[in-house]
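In: got a predicted structure here, sequence first:
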Amino acid sequence: MIEGALKADGRIAAKNAVKIRAALRELADYKQVFNAYQETHPIKTDNLAKDRARARAWAIMNMTQLRTEALASALWRTWAEAYVLGDVAAGEWIQRATELKKADDGYIDWSKWQPGDRAAALMLRRPQAFQKILDQTNTSIRGMTRTSITDIGNALADSIDLGLDAERAAVLIGRHVASPARALTIAITEQNRAISAATIARYKEAELEKMEWHVSDPCDKCAMNANVEVQIGDTFPSGATQPPAHPHCRCVLLPVIPGMNEEPSLAPTAPVITPGPTPASTGTWAKVTEQAWVDRQIAKRAQDKRFNVPFNEVQLKILRDQAKDADIYQKGPHVLRVDKNMKNPPSQQDIEQFMIHFDEVYEKLPEWRKFDPNGFERGYNLIINGEAAGNTLAYTYLGHDTIWFSIKDIKSATDAPKDWNGWFMPAANTTNENLYTVAHELGHTVDSPANFDRGKISGALKRKYPDLFSKYSKRDSEETYAEVFAQYLLGEQNAVTLAYAEKFGWNLSAKDYYEQIDKWKPNLRTNLASN
């Protein structure tokens, strides 16, 4: 019933991937970027992972004006052609389901189908469902440019490691940013977004009430939704309302025609949260051997359906460097890496106290941040090194699962509380510095770029309760969120923490959160650093 449309989708995606790849090449003058980075006199070390981290940080700070016009144009064309495909395919699926015919003849010849002029016409008339996709252009491009900046940073470090000149470095960077695989993934993912929008619009137009998630080479997340019927507009067990559920997702939505099934579907329509077998609250931190670390990462890659290729030699070298240059500990799904090359490193007692602090605040996290919609516990990667600059105690990214801690912060793990004189929230004055830092950084990981209205609530509450906010929390809405979350996690109950808890679902169970709010997307990754 859907194979022909999927083949047409793949054919169109291959064509659009060429345009997207060309647009990605135009994001910047990569030779100029390489020369600008060289002017900072980057020092090559024996640890490529560290060199990459430094180059990524430089790219995030300096590459703020990418040329995205061509990318926007390519995306608009991709969405338009896919929307037409989704509309036509949905019409055929309704007809097939209504007539209960399963034969492949007598319908559209998908082998020759093309969107043709309908895509161009769509750009002019723009029905509401399609306009909503166009309205997300800036958000989509921001996500792609963040990934591009990460790729640029990695390629800068690789170019220097390989001893390339500016000309050859520009070629390498372009290959990183505009690889054929990445362009095709973008094309397939964005097409599926538009196909789903058109499909739902057609089903609503046909006055259908339900739809069914049909999987195509499903990952674990999509497998939860396989053959599940929901009311149009409701969420599926994974928490998604429509495909794509992840990059390269090719699942589609099929119509549910009243009376076509003799018995009603008994498939669940809400996620069932079942704690995984190894919660962090049990067991102890155990040191991991170098080979066990490498083997663990290789096994994780083999199980991750987002990747269909093994680690290459450069990636394996990074894994071996990580194991060689760090003491690695594991507890349940969590991993702690302690850099061996730090000057004046923290003591073993400090590190062990840090582990205790992490365990203490982790147990207080909202259940939905500890477990994904499948019921599996989500692990954190904790890294202790000497690269945090200035007075930064630790840093992470919005919604990320990796947190970097400075030597200075870890050394405070055994110190007595001190008065911060209003710099941090009141809970910091009665709490160990390291414990408070862990709580604050966990706040950033609980936060999400999907929380667009975080600024509105922080602004309103600051005007109403100015004395309840610290100086640091007034930097921006992201730091406000983390500061208030640290307060909440450490037991401070006031009008501000209660308002945030209500707004962002901190007091909800995992099941209630995924059903009621679902702003968190477990696989979401961003490169917006939050210090």
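Out: Arrived safely, thanks for sending.

In: using PDB, write out every CA atom in stretch 114-122.
Out: Extracted as PDB, the C-alpha positions of stretch 114-122 are listed here (Å, rounded to 0.1, in the frame of the first residue of the first chain):
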ATOM      1  CA  GLN A 114       6.800  13.700 -10.000                       C
ATOM      2  CA  PRO A 115       5.400  16.700  -8.000                       C
ATOM      3  CA  GLY A 116       5.800  18.800 -11.100                       C
ATOM      4  CA  ASP A 117       4.200  22.300 -11.100                       C
ATOM      5  CA  ARG A 118       2.000  21.500  -8.100                       C
ATOM      6  CA  ALA A 119       5.000  22.200  -5.800                       C
ATOM      7  CA  ALA A 120       5.600  25.600  -7.400                       C
ATOM      8  CA  ALA A 121       1.800  26.400  -7.100                       C
ATOM      9  CA  LEU A 122       1.900  25.300  -3.500                       C
END
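
In: in that stretch, what counts as buried?
Out: Using 16 or more other CB atoms under 10 Å as the burial criterion, the residues of stretch 114-122 that qualify are P115, A119, L122. Yep, even glycine has a C-beta here, placed from its N, CA and C like the rest.

In: where do the strands sit along the stretch 301-450 of the chain?
Out: Assigned strands in the stretch 301-450 of the chain, in chain order: 326-331, 334-339, 381-384, 394-397, 402-405 (criterion: DSSP state E, counting those that start in this stretch).

In: picking up where we left off before, among the buried residues of stretch 114-122, which are in helices?
Out: Of the positions in these, A119, L122 sit in helices, assigned by DSSP state H.

In: reformat the buried residues of stretch 114-122 as CSV; add distance to R475 and pLDDT.
Out: Written out in CSV, the entries for the buried residues of stretch 114-122 read as follows (distance: CB to CB, whole Å; pLDDT from 0 to 100):
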residue, distance to R475, pLDDT
P115, 47, 81
A119, 45, 81
L122, 43, 78
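
In: list just the nearest of the buried residues of stretch 114-122 to Q231.
Out: When the buried residues of stretch 114-122 are ranked by distance to Q231 (CB to CB), L122 comes first, at 27.2 Å.

In: which element, helix or strand, includes the closest residue to that closest one other than its chain neighbours?
Out: Computed as CB to CB, 6 or more residues apart in numbering, the closest residue to L122 that is not its neighbour in sequence is A80, at 4.9 Å. When secondary structure is defined using DSSP states H and E, the element that contains A80 is helix 69-99.

In: next one: that helix to chain centre, how far?
Out: The chain centroid and the centroid of helix 69-99 are separated by 25 Å, computed with CA atoms, centre = their mean, to the nearest Å.

In: same thing with stretch 240-252?
Out: Computed by CA atoms, centre = their mean, the chain-centroid distance of stretch 240-252 equals 14 Å.

In: give me the beta-bridge partners of the closest residue to D327 other than its chain neighbours?
Out: Counting by CB to CB, 6+ apart, D327 lies nearest to V338, which is 4.5 Å off, once chain neighbours are set aside. For V338, the beta-bridge partners are D327, I384 (DSSP bridges).

In: how close does Y500 sit to E483?
Out: According to CB to CB, to the nearest Å, Y500 and E483 sit 10 Å apart.

In: what's the per-residue pLDDT of A80 here?
Out: pLDDT, the model's per-residue confidence, is 91 for A80.

In: for it, what are its contacts?
Out: Residues in contact with A80, defined by CB atoms under 8 Å, 6 or more residues apart in numbering, are P115, A119, A120, L122, M123, F130, A194.

In: same question for A413.
Out: A413 neighbours (CB under 8 Å, 6+ apart): P346, D350, I351, Q353, F354, H357, N432, N434, L435.

In: chain neighbours aside, what residue packs nearest to the last one?
Out: The spatial neighbour of L435 that comes closest, neighbours along the chain excluded (CB to CB, 6+ apart), is H357 at 4.4 Å.

In: now do the contacts for the one you found.
Out: Shown in contact with H357 (CB under 8 Å, 6+ apart): A413, N432, N434, L435, V438.

In: tell me the buried residues in the helix holding A80?
Out: Within helix 69-99, the residues that qualify as buried by neighbour count (16+ other CB under 10 Å) are 70-71, 74-94, 96-97.

In: pLDDT (mean, whole number) over the helix or strand in which S458 is found?
Out: Counting by DSSP H and E, the element that carries S458 is helix 454-464. This predicted structure assigns helix 454-464 an average pLDDT of 88.

In: what is the subsequent helix or strand relative to that helix?
Out: Beyond helix 454-464 in the direction of the C-terminus, DSSP H and E gives the next helix or strand as helix 477-489.

In: that next one: what's the following helix or strand?
Out: Going down the chain from helix 477-489, the next helix or strand is helix 495-504, by DSSP H and E.

In: touching, S477 and S458? I think so.
Out: Yes - the pair S477 and S458 qualifies as a contact (CB atoms under 8 Å) at a distance of 4.7 Å.

In: looking at those two, which is more packed in?
Out: Here S477 and S458 are set side by side on neighbour count (other CB atoms under 10 Å), and the busier one is S458, at 24 against 20.

In: apart from its chain neighbours, what residue comes closest to the more buried one?
Out: The spatially closest residue to S458, leaving aside those adjacent along the chain, is T480, at 4.2 Å (CB to CB, 6+ apart).
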